[in-house]
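Participant: model the following, please.
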Amino acid sequence: MPFTAARRPIVSALALSLATGSAAAAERQVTAVEFTATPAPATHAERVSTITTSTAILHYDDGSTSEHPLSYQRLFRNTDAIGRHEAARLYDVTGQPLVDPNGDPVVAETPDANSLLTVGGRHFLVTHYEYDWVLGNGALANKTEGWHGRMPMSMTLTELAQDPRTGALTAKGQRPVDFAGVDGLWIPCFGSQTPWNTHLGSEEDYDLYFVTDDGSPDRKTSAGLKAMTEVYFRGQRQANPYHYGFIPEVTVAADGGTTVVKHYSMGRATWEQALVLPDRRTAYFGDDGDNVGLFMYVADRPEDLSAGTLYAARWHQTSAEHGGAATLGWIRLGHATDAQVRARIDAGTAFRDIFDVTTPDRTPDWQAQGYRPVRAGHSTTEYLRLRPGMAQAAAFLETRRYAGYLGATTEFNKMEGVAVDARDRVLYLAMSYVDKSMKADPTGPADHIQVPRLNAGATYAIRTATSQADTDGTPIASDWVGVAMHVPPALLGEDIATDALGNTANPEKVANPDNVFFAEKMRTLFIGEDSATHVNNFVWAYDVDTGRLSRILSLPSGAEATGLQVVENLGGHAYVMSNSQHQGEWLRSLPAEVRAGLEQAAEQRYGRSPKGVLNYYLEADVGYLAGIPGL
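Facilitator: Numbers count the residues shown, from 1 in each chain. Down below sits the predicted model:
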């Protein structure tokens, strides 16, 4: 499908200061990049705005410095029509745009992952839309009777133009990415860019993943299947839960065409993100939710994720302090190709074909009968027995359950994004809430993780090593195997008593980390928050060499910081991509007078829709931090 022309300019040109200087100055080498801190917003008007006052300070090998003020630039809103329809409009399997029960367009308020890719000299932005939060009349989607709490979702491909002098980016045209060939898309969250210049997405499969202990769909599963069947497939086809919860890869061609595949051999869970490491074959995942696992995938061949081996981590705790620390072992779950797993799905494989399920009441001698207790994906203990010949199906269709079945750790909580510092061979893994299954619990089938509750969460560092073997002693064909994890001091959140604004975590520290991205040349880990503990979510810059932590962006109150990607040199300019989503999802701890003040400020700044709804609730930004010279 060709791109359609933009109806209007989306962002004005921005002067980005690139000092020309003398020839000697041009030969200086950057040795470090420092970011000054943006203060937390001080007024309600600031709290409903996107704000940065930070400066990037470049340090050079001759001892000199240069300063570059940052600014936030919006590329487009979710409601902007850059192509034929609103950017975040949702569609059915035939490409027809959806409407809600009131006849309003279904437009998602939740732009998430960005991948800014250059292909054939043209610049393209792949953007996720995670879920639909608010209907056009202001009603919450999940509270509207007769409607669906979650919808079949979308990605867009936007062509961008770059001003060669200032570096300003503008949206030239846009179209939705077609997922009909892979049965649609369910809750795409964070994403990443592969070393071979493609986009790796995600399917955070909450509402389709779970089944009850007798193998039948529960309420959430039924609701998700109903939405896919009735809305996406228009009732012409029954949705299959085993088509969702995988990693999609989007390849962009120089003419703007896209090819989409889902990598069934990478396993199925509530994936926040998958990240491919510098060897071009090892990938790590963020598995979001309760009682989740840490997984590693090793592809058979570099730059080909269609076949590989899947592993799950076993946490061996060495400390309960500061978020906990552990060494890691790896349990091999199995090997598969995309085609093999898809064939099992197409053959109609169901949960009951993979596992027998019982309860202690039904089978008092369950252990003697070969059942194993598993707590994976939720807080209920299930008693499972693998059926003959179903190990591969279990590994790739019920990945988290099978990991717990084999003794891996399924006690992590709200695991989010993954980033890699290639020089130091360290991974960074966001854990939004150190809570629930991460606390000591002697009632569970296993109790590997036993750390104190930290509602503000933490970002863990995972040291990797070469020449490692799995728990059976078989060598792992990767030089990037995680062997130990801990929390760097600056990346540990801090819970506080509720303050006057409603913060329940220290606003001077990272709280509830979500998106993470490591910029190699800047030697900086960027962290975006998805916090129910800060009145405003922030984007932070953490210098891994100095330990310096700086807040560099404040998002509108209630909005999650998403879409984090750093492009360190594109035509002589650097960009920190950053979106906002679901602004106005107020903290429960907000005092009534603070909420009233925020709503008043939001109305003054954003106005109301023709239906009288605050635009603040309906709108969300896709954009970037500008002002940094290319490195």
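Participant: going forward, measure contacts between C-alpha atoms and count neighbours the same way
Facilitator: Will do.
Participant: not counting its neighbours along the chain, what's nearest the residue nearest the centre of the chain?
Facilitator: The chain has Phe190 as the residue nearest its centroid, 2.3 Å off, counting by CA atoms, centre = their mean. Sequence neighbours aside, Ala113 is the residue nearest to Phe190 in space, at 4.6 Å (criterion: CA to CA, 6 or more residues apart in numbering).
Participant: and the pLDDT for the one you found?
Facilitator: On pLDDT, Ala113 comes in at 98.
Participant: longest strand of the protein, counting residues only.
Facilitator: strand 304-319 (DSSP state E).
Participant: show me what the helix or strand that that strand is followed by is in contact with.
Facilitator: Following strand 304-319 in sequence order, the next helix or strand is strand 325-337 (DSSP states H and E). Applying CA atoms under 8 Å, 6 or more residues apart in numbering, the external contacts of strand 325-337 come out as 264-265, 306-319, 391-392, 395-396, 402-403, 406-408, 469-472, 482-487.
Participant: next structured bit after strand 325-337?
Facilitator: helix 338-346.
Participant: residue contacts, the closest residue to Gln193 other than its chain neighbours?
Facilitator: Excluding the flanking residues, the one nearest Gln193 by CA to CA, 6+ apart is His199, at 4.8 Å. By CA under 8 Å, 6+ apart, His199 lies in contact with Ser115, Val126, Gly191, Ser192, Gln193, Glu249, Val250, Thr251.
Participant: out of the residues you listed, which end up buried?
Facilitator: Neighbour-count burial (16 or more other CA atoms under 10 Å) applied to the contacts of His199 gives Ser115, Val126, Gly191, Ser192, Gln193, Glu249, Val250, Thr251.
Participant: what pLDDT does the nearest residue to the third one once chain neighbours are set aside get?
Facilitator: What that stands for is Gly191. In this structure, Gly191 finds its nearest non-sequential neighbour in Gly201, 4.5 Å apart by CA to CA, 6+ apart. Looking at Gly201, its pLDDT stands at 98.
Participant: please tell me the pLDDT value assigned to the residue nearest to Leu169 when sequence neighbours are not counted.
Facilitator: In this structure, Leu169 finds its nearest non-sequential neighbour in Gln162, 4.6 Å apart by CA to CA, 6+ apart. The model reports Gln162 with a pLDDT of 98.
Participant: next: Arg89.
Facilitator: Looking at Arg89, the pLDDT reads 98.
Participant: also the one 10 residues further on?
Facilitator: Confidence at Val99, expressed as pLDDT, is 96.
Participant: give me the phi and psi for the closest residue to it other than its chain neighbours.
Facilitator: In space, and not counting its chain neighbours, Val99 is closest to Pro105: 4.4 Å by CA to CA, 6+ apart. Taking degrees, to the nearest 10, you get phi -60, psi 140 for the backbone angles of Pro105.
Participant: can you give me the neighbour number for Pro105?
Facilitator: 18 (other CA atoms under 10 Å).
Participant: how about it, what does it touch?
Facilitator: Counting by CA under 8 Å, 6+ apart, Pro105 touches Arg89, Pro97, Leu98, Val99, Gly136.
Participant: just the ones in strands from the residues you listed, please.
Facilitator: Using DSSP E, none of the contacts of Pro105 sit in strands.
Participant: among the residues you listed, name the buried ones.
Facilitator: Buried members of the contacts of Pro105, counted by 16+ other CA under 10 Å: Arg89, Leu98, Val99, Gly136.
Participant: pretty sure the third one sits against Val106.
Facilitator: Right, Val99. Yes. If you go by CA atoms under 8 Å, Val99 and Val106 touch, sitting 5.1 Å apart.
Participant: please, where are all the strands along the stretch 101-250 of the chain?
Facilitator: Using DSSP state E, counting those that start in this stretch, the strands found in the stretch 101-250 of the chain span residues 111-119, 122-129, 154-162, 169-176, 192-193, 199-200, 247-252.
Participant: name the next helix or strand downstream of the last one, please.
Facilitator: So the one you mean is strand 247-252. Heading C-terminal from strand 247-252, the first helix or strand you meet, by DSSP H and E, is strand 258-263.
Participant: buried stuff in that following strand?
Facilitator: Along strand 258-263, these residues count as buried under the neighbour rule (16+ other CA under 10 Å): Val260, Val261, Lys262, His263.
Participant: so which elements touch it?
Facilitator: Judged by 3 or more CA pairs under 8 Å, 6 or more residues apart in numbering; DSSP states H and E, strand 258-263 is in contact with strand 247-252.
Participant: strands paired with the strand it packs on, and their directions?
Facilitator: Strand 247-252 pairs in its sheet with strand 199-200 (antiparallel), strand 258-263 (antiparallel), by DSSP bridges.
Participant: got CSV for those, with distance to Thr144 too?
Facilitator: Shown next, in CSV, are the strands paired with strand 247-252 (distance: least, CA to CA, whole Å):
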stretch, distance to Thr144
strand 199-200, 33
strand 258-263, 32
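Participant: out of those, flag the one nearest Glu382.
Facilitator: strand 258-263 (27.5 Å; CA to CA).
Participant: and the top helix by length along the chain, what does it pack against?
Facilitator: Longest helix in the chain by number of residues (criterion: DSSP state H): helix 592-606. Helix 592-606 sits against helix 44-47, helix 615-618, with contacts defined as 3+ CA pairs under 8 Å, 6+ apart.
Participant: let me have the buried residues of strand 258-263 in JSON lines, extended by pLDDT and distance to Val544.
Facilitator: JSON lines is the format used below for the buried residues of strand 258-263 (pLDDT from 0 to 100; distance: CA to CA, whole Å):
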{"residue": "Val260", "pLDDT": "98", "distance to Val544": "35"}
{"residue": "Val261", "pLDDT": "98", "distance to Val544": "35"}
{"residue": "Lys262", "pLDDT": "98", "distance to Val544": "34"}
{"residue": "His263", "pLDDT": "98", "distance to Val544": "33"}
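Participant: ok, of those, which one's closest to Val613?
Facilitator: Nearest to Val613 among these, counting by CA to CA, is Val260 at 36.2 Å.
Participant: residues in a beta bridge with that closest one, which ones?
Facilitator: Following DSSP bridges, Val260 is listed with bridge partners Val250.
Participant: again with the one 10 residues further on
Facilitator: Assessed by DSSP bridges, Thr270 has beta-bridge partners Glu204.
Participant: before we move on, what about His123?
Facilitator: Counting by DSSP bridges, His123 forms beta bridges with Thr118, Leu160.
Participant: what's around Ala440, how many residues?
Facilitator: When neighbours are counted by other CA under 10 Å, Ala440 registers 18.
Participant: any idea how far Val260 is from it?
Facilitator: For Ala440, the distance to Val260 equals 42 Å [CA to CA, to the nearest Å].
Participant: next: Leu157.
Facilitator: In terms of CA to CA, Leu157 sits 12 Å off from Val260.
Participant: now Asn506
Facilitator: 42 Å.
Participant: could you do Ile247 as well?
Facilitator: 10 Å.
Participant: so what sits against both of these two?
Facilitator: Here Ile247 and Val260 have no joint contacts, going by CA under 8 Å, 6+ apart.
Participant: point out where the protein drops to low pLDDT.
Facilitator: Applying pLDDT under 70 to the chain flags the ranges 1-26, 206-221.
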